[in-house]
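Student: the sequence and its predicted three-dimensional model are supplied below.
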Amino acid sequence: MKRALLIAGGTVGGLGAVLAITPPQLTSSGSINIAGGAAMGSTGSTSTAAASSSTSTKAVATTATTTATKSAKPVATKKATTKATAAASASATATATHSATPTAAATTAAAAPAAKNGTFTGPAVFVNYGTVQVKITVQNGKIVDAVAVQAPTGRNDRYTQMAVPILKQQTLAAQSANIKGASGASYTSYGWFKSLQGALADAGL
Amino acid sequence: MNQLRKQFPVWGTIVDVDCASAVVSAAELDRAMESVIKFCEDVDRDFSTYKSGSWVSRLRRGEVAIEECPDDVIEVWDLCAQAKWISDGAFDPWAVDGGFDPSGLVKGWAADKCADMLVAAGAEHVQVNAAGDLSLRGGFVDGDGVVKPWPIGVVNPNNKMEVVKIYQISDGAIATSGTYERGAHIVDPHTGMIAIGAKSATVVGADGWLCDAMATAVMVGGTDSAKWFGQPELAGYQLFGINRHEDTAWEI
C-alpha cells in the first residue's frame, strides 16, 4: 500500500514536472510557420536590365497555410493582399506576389501614391539552410511591426526567432530599409532583404 | 544608364552583384559579370575548407607549402598575417582547429576584387554583397539621376527584420560578423574557446579584407578591441559593436 502510494505520488509529480516545462512560445507572432526542411522555392540567378525585367521564377512548394508566388512580371501583375486584422493574418492564407528586384520594387512604389495600411507578407525566400519570410504591419504609412513568419530551424532558433525589442534607442524602424543593401552575418541576410523588399513593395512603401 | 544585377550561389551562400554604367553597353556589363562569377567560383575552388582538393585544404594537411600556391592564395595568406598583427592576434587564421583557415577574410577580399573588376570594365556604380560583406564603388544613381552614397543597413542581430544603423558609403567596404546566423563559428585564438566578445561586429573602411577580418577580430575581443582599433593602419575605419547580454552597442 505504501509502495503504491509512493508510485502514484511519483507519477503525479513527474507529470506535473513535464507539464511545467512545456516549451515557451518564443515568438510574438501568431502565425509562425516553420517549414521544416521543405525548400520553399529556389532563387536562381536573376538578371535584370533596366528596361526589361526578366526574372527567373520558380513556383513554390508550400506548407498548408502559406503560399508565395513569384511573378514573372512583377510590376504588371503585382497584387497586394491586405489583411485588415491581425487575426485574419494569423489564420488566412497569406498570398504575396513580389517583385524580384529592387528596381522593380521602386517602380511599384513610385506608382502607388500612398502607402496602405495593413499587414504585408513578403515572399518566402529560400536560403542555404531554411526559408525566410518577412511580415510587416503598416499603420499610417509607417511600419509598426516586422517579424519573421518563417525563419530557418535548428540551433539558431533562439536567435532567429527572438523578436525582442532591443537596442531601442538605435533601432530604426524597418522603413529605413530605404537602404540599398544590408550587412549582417551570412546566409539569411539575403533572404531577409529579398522578402522585406517584396513586403515593402506590396505596402506601397 | 545600363544596369545589371545578379545573384548567384557560391561559397555555400549567395553573392549579390549590382552594377550600372552610363557609358558601358549592356553586353559589356554582361561579360564583366560573367568574369566576376567565374572569379568567385575560382575563389571557392582555391579557398574552400570544405573541398578537399582546394589549395587551402592542401595547405591545412601540409601537402603543399605556401610558396607553391597560386598568387591569390599567397596574397590572402599575407593579408591574414597583416590582419593578425593589426588586431594584436585577435584575428588568427592559424589558430583554428585543422590549420590555416582564411574564411574570416576571404569574403571581404573577394568582394573587393569583384567590385574592382567591374570598375575596370567601366561600371561607375557597383555594389557587391558577399552575404553580408559588401564592397561599394561610385555610389548609386537615384530616380532623379543624382549620384548618392549607397545607404547600407546593419542588421539587428536580435531581430533581422530591422536595421540598427545605416552607413552611407560611396566607395569602400562594410563587413558584419555575428554568431546569430550560423551559430557560434568563431574561435578565440588565445583560449581556443568560442568567441564571446560581441554579439555582432560591423567594420566600415576602405578595404574589404580588412573590414572582414577586423569584424571577426572584434567578435573575439569585444570592447577590448578598442585597444588596437586606434592603430594608424585602421585610420578612417569605423567600428560598430553590439554587446552580448545588455541591450547596448558601442562604436569607434
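Tutor: Done, it's in.
Student: report pLDDT for residue 124.
Tutor: All of this refers to chain A. With respect to pLDDT, residue A:124 scores 76.
Student: oops, chain B please
Tutor: pLDDT, residue B:124: 94.
Student: next one: residue B:168
Tutor: 91.
Student: so what does the strand or helix carrying it touch, helix or strand wise?
Tutor: For residue B:168, the host element (DSSP states H and E) is strand B:159-169. The contact analysis (3 or more Cβ pairs under 8 Å, 6 or more residues apart in numbering or on different chains; DSSP states H and E) places strand B:159-169 against strand A:142-150, helix A:188-203, strand B:150-156, strand B:200-205, strand B:238-242. C-betas here are computed from N, CA, C, even on glycine.
Student: quick one: low-confidence parts of the chain?
Tutor: Since no chain was named, I'll use chain A. A:1-115, A:126-132, A:141-148, A:150-178, A:185-197, A:204-205 (pLDDT under 70).
Student: the intended chain is chain B.
Tutor: Along chain B, segments meeting pLDDT under 70 span B:12, B:159-161, B:179-196, B:246-247.
Student: do a quick rundown of the strands in it.
Tutor: B:2-10, B:13-21, B:125-130, B:133-137, B:140-141, B:147-148, B:150-156, B:159-169, B:172-178, B:200-205, B:238-242, B:249-251 (DSSP state E).
Student: in the last one, what's buried?
Tutor: I take that to be strand B:249-251. Buried residues in strand B:249-251, defined by neighbour count with 16 or more other Cβ atoms under 10 Å in any protein chain shown: residue B:249.
Student: what helices or strands is it leaning on?
Tutor: Secondary-structure packing of strand B:249-251 (3+ Cβ pairs under 8 Å, 6+ apart): strand B:238-242.
Student: is any residue of the strand it packs on near chain A?
Tutor: Yes: shown here: strand B:238-242 in contact with chain A (Cβ under 8 Å from any Cβ of the partner chain) through residue B:242.
Student: that strand pairs with which strands?
Tutor: Strand B:238-242 has the following strand partners under DSSP bridges: strand B:200-205 (antiparallel), strand B:249-251 (antiparallel).
Student: picking that back up, the strands of chain B into a markdown table, with extra columns for distance to residue B:216?
Tutor: Listed next are these as a markdown table, based on distance: least, Cβ to Cβ, whole Å:
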| stretch | distance to residue B:216 |
| --- | --- |
| strand B:2-10 | 20 |
| strand B:13-21 | 16 |
| strand B:125-130 | 14 |
| strand B:133-137 | 10 |
| strand B:140-141 | 28 |
| strand B:147-148 | 30 |
| strand B:150-156 | 16 |
| strand B:159-169 | 18 |
| strand B:172-178 | 5 |
| strand B:200-205 | 8 |
| strand B:238-242 | 12 |
| strand B:249-251 | 17 |
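Student: among those strands, which is nearest residue B:52?
Tutor: strand B:2-10 (18.1 Å; Cβ to Cβ).
Student: the closest one to strand B:125-130, inter-axis angle?
Tutor: Per axes from the mean of the first three to the mean of the last three Cα atoms, to 10 degrees, the angle that strand B:2-10 makes with strand B:125-130 is 10 degrees.
Student: do any residues in strand B:2-10 lie close to chain A?
Tutor: Yes: using Cβ under 8 Å from any Cβ, we find that strand B:2-10 touches chain A at B:2-8.
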